[in-house]
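turn this into a structure:
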Amino acid sequence: MRIVSVAFETEDLFRAEQFYGGVLGLPTHREDGTLAVRAGSSLLLLRRGPTGGPTGPGRQHLAFTVPRLMFDAAKRWIAPRAELLRDADGRDDFETAPHWNAHSLYFPDPDGNILEFIIRRDIPDDRTGPFGPGHIRCISEVGIAADAVPTLAGRLESEFGVCPYGDGVPTFQPVGDVEGLLILVAPGRPWFPTSVPSGSQSLTVDIAGRAAGSLEASPGIVIHSKAYRS
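Numbering: from 1, shown residues only. Down below sits the predicted model:
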């Protein structure tokens, strides 16, 4: 599965453009109240909400995959640009569960959304050298806060052929594969490694999966899928 685009709201388009375009150095284009941010093969669309800010409680989560040999370089690059988020033990980078075979770090955007750089050792990208924004491969995770997580996971599997990625619990279930994951969580569940709650009433995610279609995960949260051949 691949994440083609993610769209949600921002409190301040200009501030978002300064961060994603200036701090992270990603290509941006602003038009008609929407900021388009190119992150490798994925597109992030930030739009100004009708009341000038995000709707609903909580924040979003996005992960960006970087080359598997460049974690240390990516950490050195992002550390002076954004706050590295720490867990209760003071750690600011994290080894994942064994079946993920990945390592990651987290930082916030100006709206308080939880962003992540992650290396996935099962993706054969062995680039090395100084890190830069051109090394971001794609958006490889997007958090989706919705009620009845197991039911939603079942619908994604039956309608789009997007399968669970490892075991989950009633409040947390990743679905997809190493190229792209939808992180299904119960609204209000904190995003690791913080106490920032998950939640949204305005989110659109376009994926390339095994089948085409659309489903509403919860009011205001829509997932579109187009079929592709792997």
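
any weak-confidence spans in the chain?
Across the chain, residues meeting the criterion (pLDDT under 70) sit at 50-57, 229-230.

sketch out the strands for it, chain order is fine.
Assigned by DSSP state E, the strands in the chain fall at 2-10, 28-31, 34-39, 42-48, 61-66, 94-95, 102-108, 114-120, 138-145, 172-177, 180-185, 203-209, 213-218, 221-227.

how close does the nearest residue to Val23 once chain neighbours are set aside sit to Gln18?
Leaving out its chain neighbours, the residue that sits closest to Val23 by C-beta to C-beta, 6 or more residues apart in numbering is Arg81, at 5.0 Å. Just so you know, the C-beta spots here come from the backbone N, C-alpha and C atoms, and that holds for glycine as well. Arg81 sits 12 Å away from Gln18, going by C-beta to C-beta, to the nearest Å.

what's near enough to touch the most centrally placed residue in the chain?
A centroid search over the chain (C-alpha atoms, centre = their mean) returns Leu62, at 1.9 Å, as the residue closest to the centre. Counting by C-beta atoms under 8 Å, 6 or more residues apart in numbering, Leu62 touches Val6, Leu44, Asn113, Ile114, Leu115, Glu116, Ile139, Glu141, Val142, Gly143.

just list whatever residues bridge to it.
Bridge pairing for Leu62 (DSSP bridges) gives the partners Leu115, Val142.

between the longest helix seen in the chain and strand 138-145, how big is the angle?
In the chain, with assignment by DSSP state H, the single longest helix is helix 149-160. Orientation check (axes from the mean of the first three to the mean of the last three C-alpha atoms, to 10 degrees): helix 149-160 against strand 138-145 gives 130 degrees.

fine by me, we can end here.
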